[in-house]
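In: what's the 3D shape of this:
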Amino acid sequence: MYQNYIFDLYGTLIDIHTDEYSKNFFKKYSKWLRSKGFSFEWKQFYKMYTTTERKHREHAAKAGKHIKAEIQIEDVFREVFSIKGYELSDADILTLCENFRNISLIYLCLFPDTLECLKKLKAAGKKIFLLSNAQRSFTWQELENTGLVPYFDGILISSDEHCMKPDPDFYNICCERYGLEKSQSIMIGNELKSDIAGANAAGIDAFYINRYPVYHENSEHSCKYVSKTGSLIEVLTQTGVNN
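Out: Next comes the predicted model:
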């Protein structure tokens with residue numbers, strides 16, 4: 001029935017918890033910055049970073065190019081460090097972003113059924129795509145470290161495309177770039193107001209996987225398929241993939 005399986009990443013394929021807005025995190029990150037020769041106290045960096053990020057997001061939203069605009073976090077870091085007189089290369093900025101993510105990370109792992117599902121879809125000749133609301137400088141290292149990259153026929157990250165779910169533009173970019181027929185495609189995700197709402201708006205069938213059943217969401221968004229057990233294996237069984 002379906003030839004193209006489009007997956008969300010965090011909360012669907014990867015289980016993750018970060019702590020990137022706490023006082024404790026900013027203390028740790030500012031300490032790391034000082035060890036690298038950057039003069040920041042945590043309160044100063046916190047204020048500069050959060051204020052600059054908010055400004056970039058407001059400007060992107062006001063530009064009106066997309067219903068749900070996305071920024072590139074590298075631009076935020078570049079501006080914050082420029083204000084302090086640091087003119088940095090792209091490689092330097094990437095290092096700052098990657099360590100920001102690494103220091104904020106509490107845990108990250110694949111869900112137990114992730115690889116089994118992806119392997120069986122591949123064995124059945126299906127095409128697999130990733131549609132993730134994320135920053136490339138945070139996420140790419142995690143895709144590589146978890147070994148997920150080879151499973152995908154296409155990877156779209158919101159920071160690259162300047163829009164994010166539930167904006168239908170994000171889904172349309174995926175379909176246009178890889179020549180996907182929407183009638184042969186399905187979106188699999190764990191967030192009703194993001195993954196599922198966006199699929200509905202783009203005219204793509206949706207599969208809702210409730211990874212955390214303790215959190216009950218009242219759905220106003222239609223899902224052709226639902227996994228109430230939170231198992232990706234149901235993606236195979238419910239969409240008719242031989243497993």
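
In: now do the strands in this protein.
Out: Assigned by DSSP state E, the chain shows strands spanning 4-7, 14-18, 105-110, 127-132, 154-157, 185-189, 205-209, 225-227.

In: now distance to residue 92 and mean pLDDT too, for these, in JSON lines please.
Out: (C-beta placed from N, C-alpha, C; glycine too.) Listed next are these as JSON lines, based on distance: least, Cβ to Cβ, whole Å; pLDDT from 0 to 100:
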{"stretch": "strand 4-7", "distance to residue 92": "32", "mean pLDDT": "98"}
{"stretch": "strand 14-18", "distance to residue 92": "22", "mean pLDDT": "95"}
{"stretch": "strand 105-110", "distance to residue 92": "21", "mean pLDDT": "96"}
{"stretch": "strand 127-132", "distance to residue 92": "25", "mean pLDDT": "98"}
{"stretch": "strand 154-157", "distance to residue 92": "21", "mean pLDDT": "98"}
{"stretch": "strand 185-189", "distance to residue 92": "34", "mean pLDDT": "97"}
{"stretch": "strand 205-209", "distance to residue 92": "39", "mean pLDDT": "95"}
{"stretch": "strand 225-227", "distance to residue 92": "43", "mean pLDDT": "91"}
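
In: quick one, what contacts the nearest residue to residue 151 once chain neighbours are set aside?
Out: Closest residue to residue 151 apart from its sequence neighbours, by Cβ to Cβ, 6 or more residues apart in numbering: residue 118 at 4.4 Å. By Cβ atoms under 8 Å, 6 or more residues apart in numbering, the contact set of residue 118 is 13, 128, 148, 151.

In: how about the residues you listed in a markdown table, adding neighbour count?
Out: Output for the contacts of residue 118, formatted as a markdown table (neighbours: other Cβ atoms under 10 Å):
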| residue | neighbour count |
| --- | --- |
| 13 | 28 |
| 128 | 19 |
| 148 | 21 |
| 151 | 19 |
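
In: and which of the residues you listed is nearest residue 224?
Out: Ranked by distance to residue 224 (Cβ to Cβ), the contacts of residue 118 are led by residue 128 at 18.4 Å.

In: who does the lowest-mean-pLDDT helix or strand in the chain pair up with?
Out: Every helix and strand of the chain was ranked by mean pLDDT, DSSP states H and E. The lowest is strand 225-227, at a mean of 91. Sheet pairing for strand 225-227, assigned by DSSP bridges, gives strand 205-209 (parallel).

In: taking strand 185-189 as reference, get the angle to the strand it pairs with.
Out: Counting by axes from the mean of the first three to the mean of the last three Cα atoms, to 10 degrees, strand 205-209 points 20 degrees away from the direction of strand 185-189.

In: how far does strand 205-209 sit from its chain's centre?
Out: Chain-centre distance of strand 205-209: 17 Å, with Cα atoms, centre = their mean, to the nearest Å.

In: ok, stretch 27-47 next?
Out: For stretch 27-47, the distance to the chain centre is 26 Å (Cα atoms, centre = their mean).

In: one more: stretch 20-28?
Out: 21 Å.

In: helices or strands next to the longest helix seen in the chain in the packing?
Out: When the chain is parsed with DSSP state H, its longest helix is helix 42-63. Applying 3 or more Cβ pairs under 8 Å, 6 or more residues apart in numbering; DSSP states H and E, we find helix 42-63 packed against helix 23-35, helix 73-83.
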